[in-house]
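>>> need a structure here:
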Amino acid sequence: LFWNKVLFVGVVATPVAWLTFALEYTGRKAWINARRLAMLSILPVTTLVIILTNDIHQLFWPNSTLSYEGGFLLLNNSNGSWFWIHAGYSYLLIMIGLFLIVRALLQWPVQYRGQMIWVLLATLTPFIANILTVFHLIPILIDLTPFAFTVTGIGMAFALFRYRLLDIAPIARDTVIDSMKDGMIILDADRRIVDVNRTAQEMIALIGEEEPIGKQLADILSSWPHLMSRFRNLMEAEDEISLSVGESQRWYAFTLSTLLDENKALIGSVLIIRDITDHKQAERQLQESESRFRQIVENASDLIYRVDRAGRISYGNPSVVRVLGYDSEREVLGKHYLDFIYPELRHQVKRIYEHQLMSKTPSTYHEVPVTAAAGNEIWLGQNVQLIYEGDQITGFQAVARDITAIKQAHDALRIARDQALDRKSVV
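The predicted structure follows:
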């Protein structure tokens, strides 16, 4: 009888733990706090106290007897009033968790449904077994619930290892990836597409591929053989493509980077697709006359600026002033470009410009954090070109874009992955 009571320590805690898991897994982590967990635990803690003191009041088990059935010694408990309160509360929490999971199953992308079906199977099996036992729906005298937890272990193992339940949290996709303006494609270790955000889906649809999930990246890139060959054997790469859309021409930049687990093993890749048509148009126009240059860059959403040979900013379009948070162009002109760089990064950025100058590389791309007028950090992705007068280099000109949101999205995805790996290691 004593061990039967000890068994209920886990029994009373399971419904609250399951609801907590369901809330966090379906993106409602903000609802979980110490106060609400304490309130949810009031009845389970009370139930545990009543069980431990059942010999005094018999509210949980009015009668307990031992009997031999089929050669087995069985404990038969009659259920008291508090047992049914505990059962009703436990079933309620479990049903709420199941509702959240099923609702998410219908809303999330198809690549998460395999893992979620196994989670549902792992949860429903002991739940149904417990109902069959408690309400005596089948003529079996033993409690089926412990045996059903074998299925729970198998189901969770499949969700964890076959479908990588905690490797990339679905909520990271919902809150980060779908809000990005750039396209993001998540690949597994075999370069199959397992997730795409809304922007990437729209971009891929332009080449006639409506449902890319589950297909090889090489199949999607088959229209650009040079991209396919470039990305086939590389873990990280960058390239650009052009695409005719109606009567217009669009340019896209592809950036492939890896996803590693805590053991530095490859678990997938992330492909970022950025519409750089405005960049390309600006770059092309910058090669034309000064008058046309002025007309275009003054109205461009990208940051366009020039730096002389001494490193002083000689021109900045209105987007430079706006993005950096200044009131007028006069606050920017004449300043050294390193004044906008964090002191600890100035030497590194200076070497980038000096290398381009000494090697006479016509055009380079790099990403740097700069300091805005208010002191906040802004990440710029910029194409930097050398400016010539005759055969003499007189400075640099750059077309830059604010990529702060992309950097934050990468950080959020990394944090979500690390948190998922931490939870995995705890399990």
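>>> Count the residues that sit near L100.
L100 sits with 18 neighbouring residues when counted by other Cβ atoms under 10 Å. In short, each C-beta sits where N, CA and C put it, glycine included.
>>> go on, A104?
Neighbourhood size, A104 [other Cβ under 10 Å]: 20.
>>> Without its sequence neighbours, what residue ends up closest to it?
Nearest residue to A104, sequence neighbours excluded (Cβ to Cβ, 6 or more residues apart in numbering): T26, at 4.5 Å.
>>> how about stretch 51-59: buried residues?
I51, N54, Q58, L59 (16 or more other Cβ atoms under 10 Å).
>>> follow-up on the earlier one: check the residue nearest to A104 and give its pLDDT.
Per-residue pLDDT puts T26 at 72.
>>> same deal with L137?
L137 is given a pLDDT of 66.
>>> Strands of the protein, residue ranges please.
All strands of the chain, identified by DSSP state E, fall at 63-69, 72-78, 183-188, 193-196, 237-245, 248-260, 266-275, 303-308, 313-316, 363-371, 377-389, 392-402.
>>> Quick check: which of those strands is nearest to Y337?
strand 303-308 (5.2 Å; Cβ to Cβ).
>>> So which residues make contact with the closest one?
Contacting residues not belonging to strand 303-308 are listed as 282, 286, 297, 313-317, 319-320, 323, 332, 337, 380, 382, 387, 394-402 [Cβ atoms under 8 Å, 6 or more residues apart in numbering].
>>> got it, and stretch 360-375?
By Cβ under 8 Å, 6+ apart, stretch 360-375 touches 238, 283, 323-326, 331, 340-342, 345, 349, 352, 355-356, 377-386, 393, 403.
>>> Please state the offset of that stretch from the chain centre?
Averaging C-alpha positions (Cα atoms, centre = their mean, to the nearest Å) puts stretch 360-375 27 Å from its chain's average.
>>> quick one: contacts for W18?
W18 neighbours (Cβ under 8 Å, 6+ apart): L93, I94, G97, T123.
>>> Quick check: the third one touching T26?
Think G97. No: judged on Cβ atoms under 8 Å, G97 makes no contact with T26 at a distance of 9.1 Å.
>>> in this structure, which helix or strand is least confident?
Sorting the helices and strands of the chain by mean pLDDT, DSSP states H and E puts helix 170-175 at the bottom, at a mean of 54.
>>> the longest helix in the protein is where?
For the chain, the helix that runs over the most residues, judged by DSSP state H, is helix 81-107.
>>> starting at the chain centroid, how far to that one?
In terms of Cα atoms, centre = their mean, the centre of helix 81-107 is found 28 Å from the chain centre.
>>> avg pLDDT for it?
81.
>>> ok so, going back, out of the strands of the chain, which is closest to V102?
Here strand 193-196 is closest among the strands of the chain (Cβ to Cβ), at 20.7 Å.
>>> The closest one pairs with which strands, parallel or anti?
When pairing is defined by DSSP bridges, strand 193-196 lines up against strand 183-188 (antiparallel).
>>> Show the contacting residues for I186.
For I186, the contacting residues are I168, I177, I193, V194, D195, V196, L259, G268, S269, V270, L271, by Cβ under 8 Å, 6+ apart.
>>> Please apply the same query to V194.
Contacts for V194 were tallied using Cβ under 8 Å, 6+ apart; they are Q111, I186, L187, D188, I213, G214, G268.
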